Structure formats: structure tokens, C-alpha cells
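Colleague: only the shape, not the letters, is given here:
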């Protein structure tokens, strides 16, 4: 059963990576609203919930939604995928010259990764640490 769940999560994460590539393509072509809509759709898939159930949730609530009932490895992967989606949203807001929204998205990424780091060990690739560093750098850059 755990093996099937892990396989499902790995397939889901791979699908989300493909969504993320499409989202980046949309953003790079100035299709910002479409890319933001695609992010929400990807989050619905990741969380298994309709958008209205999570869009107003804070980072701790997202963390709980992402990790509830998951193995530590699966929960960690889901948190990293959510951080990547939110980081792309931050890039979109920056491109749209909406710095307050970009900073808010980076702050959300940072808080989600802090929660993730507190619960799950980082890997040799420093997946959590790299995302924490990027979010901190972006928040500082947005403040300047």
C-alpha cells in the first residue's frame, strides 16, 4: 500500500513539473492571467481540493493540507511542489509589476519551507534550503 501511494505521489509530482513548465512558458510569453489560472489548477491537483478551500489558507494551513495522511517523504515532496508553484506565482507578479503580491508570495514560500524544514530533514541536494534562500533573497530584493 505504501509503495502504491509513493508511486502515485511520484506520478503527481511529475505531472506538476510538466504543469510548471507550461506555466513558465505562459509567463515568458506574457500570458500572465493564464499562467496564474494554471497555477491554481495545479494546486487543486496537488491538494486534492477545489480552490475555494485553500486560496485563503495561511502557510501553516497549507502545510497541514499537504502533509495530512502522507508519509514523510511524500509530504516533503508535496511541500516542495507547492513552494515551486508559489515561487512561479511570485515571478508572475513581479513581471506584472505587482511587487506587493510578489513579496507576499515569496513570504508564503519562505514560511512554508520553514515549516517543512522543521518537520522533515533536507536532502544532500538542499532542496528545502535552496528554496528558503531564494525566497529570502527575493523578499530582500522586493524591499529594495
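Modeller: Right, received. Where do you want to start? Being a predicted model, the structure only gives us computed values, none of them experimental.
Colleague: touching, residue 114 and residue 133? I think so.
Modeller: No: contact criterion C-beta atoms under 8 Å: residue 114 and residue 133 do not qualify, at 12.0 Å. Heads up, the C-betas are built off the backbone N, CA and C, glycines and all.
Colleague: where do the helices of this protein begin and end?
Modeller: 2-28, 32-47, 59-67, 72-95, 99-119, 127-143 (DSSP state H).
Colleague: report the buried residues of the helix-or-strand element of the chain with minimal mean pLDDT.
Modeller: Least confident helix or strand of the chain, by mean pLDDT, DSSP states H and E, is helix 2-28 with a mean of 84. For helix 2-28, burial by neighbour count (16 or more other C-beta atoms under 10 Å) applies to 9, 12, 13, 16, 19, 20, 23, 26, 27.
Colleague: quick revisit: let me know which of the helices of the chain is tucked in deepest.
Modeller: helix 72-95 (a mean of 21; mean count of other C-beta atoms under 10 Å).
Colleague: quick one: work out the angle between that one and helix 32-47.
Modeller: Put simply, helix 72-95 runs at 170 degrees to helix 32-47, going by axes from the mean of the first three to the mean of the last three C-alpha atoms, to 10 degrees.
Colleague: how far off helix 59-67 does helix 72-95 point, in degrees?
Modeller: 130 degrees.
Colleague: show the pLDDT at the nearest residue in space to residue 51 that is not next to it in sequence.
Modeller: Of all residues not flanking residue 51 in the chain, residue 40 sits nearest, at 5.1 Å (C-beta to C-beta, 6 or more residues apart in numbering). On the pLDDT scale, residue 40 is placed at 96.
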